[in-house]
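J.: when you get a sec, could you give me coordinates for this:
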Amino acid sequence: MADYTLYNRLRSGGAVVEAALRWADADFELVELDSLIGTPLPESFKDTNPWGQVPTLVLPDGSIMTETAAILIYLNSAFPNSDLGPAAGTVEHARFTRWIVFAAVNVYESQLRTSYTFRFTDQPSAEEGIKRAARKRLDDALNLLDRSYGDSPFLLGDSPCIADVYFAMFTQWYKGERELPKLRALRQAITETEAVRDVWVRHYG
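T.: Residues are numbered from 1 along each chain as shown. The predicted structure follows:
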């Protein structure tokens, strides 16, 4: 029996968790749910995760972990020799954690509001206004994230970490008009990174 079990579906936010597990050479089983992005997950899945979301990671002791950003921070600590990210307590770890949480709160949440607007209002007439505001918030958040890269090809310098894969995933989803030159260059670099290339191709072609 594998140490970890990852519940996921193609092209979801769980792609980066799958990449992290493979990068860390973790012993895990992938359970890919037969559900397309934008459609509900099977109702029975709520027996595993009552919030009904992926990714859901079952830890070695059987406990459940959810929230992509939290899982990435956890895996970085659980596999300290894997180069997923910097050691806890360092300045680099502070930067790593800051931007992962920033992306979860601002980028991911804005993306959800554009894709699943009905979740955020009980008035259908309000949906278009929510989408417009969410798209602007998404543009602004990605633009700030793009500027955070400075002159480095990756978040922490010359070598990638799992946060870079997380941000590249958002750039893959992004349909707006901002140029985001550093994030787009990052996405290209991530697709060529051996540790995550196979997972990226499976999810995004």
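J.: and this structure, what are its domains?
T.: Per automatic domain parsing, the domain ranges recorded for the chain read 4-78, 91-194.
J.: got the end-to-end distance for the last one?
T.: When you say that, I think you mean domain 91-194. By C-alpha to C-alpha, to the nearest Å, the extent of domain 91-194 from end to end equals 27 Å.
J.: avg pLDDT for it?
T.: Average pLDDT, domain 91-194: 96.
J.: quick revisit: need the domains of the chain in JSON lines (columns: distance to residue 204 and mean neighbour count).
T.: Just so you know, the C-beta spots here come from the backbone N, C-alpha and C atoms, and that holds for glycine as well. Formatted as JSON lines, the domains of the chain follow (distance: least, C-beta to C-beta, whole Å; neighbours: other C-beta atoms under 10 Å):
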{"stretch": "domain 4-78", "distance to residue 204": "7", "mean neighbour count": "17"}
{"stretch": "domain 91-194", "distance to residue 204": "6", "mean neighbour count": "16"}
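J.: tell me where the protein has helices.
T.: 14-23, 68-78, 91-102, 109-115, 127-147, 162-173, 181-191, 194-204 (DSSP state H).
J.: make a markdown table out of the domains of the chain and add distance to residue 200.
T.: As requested, the domains of the chain are exported to a markdown table (distance: least, C-beta to C-beta, whole Å):
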| stretch | distance to residue 200 |
| --- | --- |
| domain 4-78 | 7 |
| domain 91-194 | 5 |
